[in-house]
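# no letters, just coordinates:
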Ligand SMILES: *Cc1c(COP(=O)(O)O)cnc(C)c1O
């Protein structure tokens, strides 16, 4: 039976699809029959279920994780003269949004152990920007990198001291828990992405905002529909076209019933990796109270040369891998000017973010990996160290 080994996937969308194909066909057909491709009843049904899953009062479906971040910042009126603090070691979308709105992203270093924002560095940079007085500290965007919750109580505490907005970029972390409760209510607003390879993904682009604030939820609904008011032809504010498609909502409704079980499977896979790799190579540290959603399984090699050896070893075995991220954001051409503009003098250095870009390697992670497959990946990694 098991003489042929199936190729190991970095992410696996097909195994899941085969479990729910009949339900997908049924729900997609229902949308096709209804013709309600925009704002169909599936969107509201999904919003209710997402809010219940995350244990928050409101969920608002939007067109992508990036638009979720943008709508959340637009709702706070963030723009020119505002400083938005965010990690230098994250996906570009986190930093792009403040720039699009005319605000200044201030890059914060991360911890070598958790890869999440370094709270001491954050506090120093907020104090420096506040003391210089050129920009107003307005918001912190915390990222739960690779699925691991950031230190939200500490971020919230700092935000409260400076009157800043706390926004959770949980694009990689939907389903994660912190101190017993799911991400969604740990910041004032939480942005989700349903990009196909995220922990809960649709078959295209999609996203959502979670919040416990009724005022914010109402603003998000208005902003995602061109800033409309009580009627379609009353425009109250500058908004955008940021809606979630009915078809994508229908697809997510088919996947949501599997999600809890898939999160457990991801945690089991992470456990298999940790059993075999701990002591051999540095793993993403899991602080007490944090339960990762395991969006990605990322190891930290000693240096670029060791990572290159591991990459070669995996390639030789036909095992896929990813490098998230090969360059810190402050070194990207698109952000260099904004990075310099954040400070009166030279920006303080970001040594950990710069080092991690040469060390990190993401291994296959999805709920349908078997222990035997994890064993094969780990043998290839250990053999190449
Ligand atoms: C994927 C991702 C986003 C953007 O989500 P999209 O749905 O692709 O727009 C934002 N932030 C982080 C950290 C991400 O990983």
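Cool, got the structure. In this text the structure is predicted, and so the values were computed from the model without any measurement. Residues are numbered from 1 along each chain as shown.
# which residue ranges form the strands in the protein?
58-62, 82-87, 104-108, 136-143, 165-169, 177-178, 181-182, 189-193, 207-211, 282-283, 290-291, 297-300, 360-363 (DSSP state E).
# mind checking which of these is nearest residue 233?
Closest to residue 233 of these, according to C-beta to C-beta: strand 58-62, at 21.5 Å. Backbone N, C-alpha and C define where each C-beta goes, glycine included.
# what does the stretch 1-150 of the chain have sitting close to the ligand?
64-66, 90-91, 93-94, 143 (C-beta under 6 Å from any ligand atom).
# hang on, the earlier thing: switch the strands of the chain over to CSV; also include mean neighbour count and mean pLDDT.
Shown next, in CSV, are the strands of the chain (neighbours: other C-beta atoms under 10 Å; pLDDT from 0 to 100):
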stretch, mean neighbour count, mean pLDDT
strand 58-62, 27, 98
strand 82-87, 26, 98
strand 104-108, 25, 98
strand 136-143, 24, 98
strand 165-169, 26, 98
strand 177-178, 20, 98
strand 181-182, 18, 98
strand 189-193, 30, 98
strand 207-211, 30, 98
strand 282-283, 17, 98
strand 290-291, 20, 98
strand 297-300, 23, 98
strand 360-363, 22, 98
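# picking that back up, which one of the residues of the stretch 1-150 of the chain next to the ligand is nearest the ligand?
residue 65 (2.5 Å; C-beta to the nearest ligand atom).
# any idea how far residue 173 is from the closest one?
Here residue 65 is placed at a distance of 11 Å from residue 173 (C-beta to C-beta, to the nearest Å).
# the more surrounded of those two?
Using other C-beta atoms under 10 Å as the criterion, residue 65 and residue 173 rank with residue 173 on top: 30 against 27.
# which ones are touching the residue nearest to the more buried one when sequence neighbours are not counted?
Leaving aside its chain neighbours, residue 173 sits nearest to residue 144 (3.5 Å; criterion: C-beta to C-beta, 6 or more residues apart in numbering). If a contact means C-beta atoms under 8 Å, 6 or more residues apart in numbering, then residue 144 has 116, 150, 168-170, 172-173, 176, 183, 293 as its contacts.
# 10 Å - rerun?
90, 116-117, 150, 152, 168-174, 176, 178, 183, 186-187, 190, 290, 292-293, 295 (C-beta atoms under 10 Å, 6 or more residues apart in numbering).
# whichever of those residues end up buried, select them in ChimeraX.
Buried subset of the contacts of residue 144, written as a ChimeraX selection, criterion 16 or more other C-beta atoms under 10 Å:
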select :90,116,117,150,152,168,169,170,171,172,173,174,176,178,183,186,187,190,290,292,293,295
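# in helices only, show me the contacts of residue 144.
Of the positions in these, residue 152 sit in helices, assigned by DSSP state H.
# how far out from the middle of the chain is stretch 174-186?
13 Å (C-alpha atoms, centre = their mean, to the nearest Å).
# meant to ask about stretch 283-301
On C-alpha atoms, centre = their mean, the centre of stretch 283-301 falls 13 Å from the chain's centre.
# taking the stretch 201-350 of the chain, what residue is nearest to the ligand?
Nearest residue of the stretch 201-350 of the chain to the ligand (C-beta to the nearest ligand atom) works out as residue 207 at 5.0 Å.
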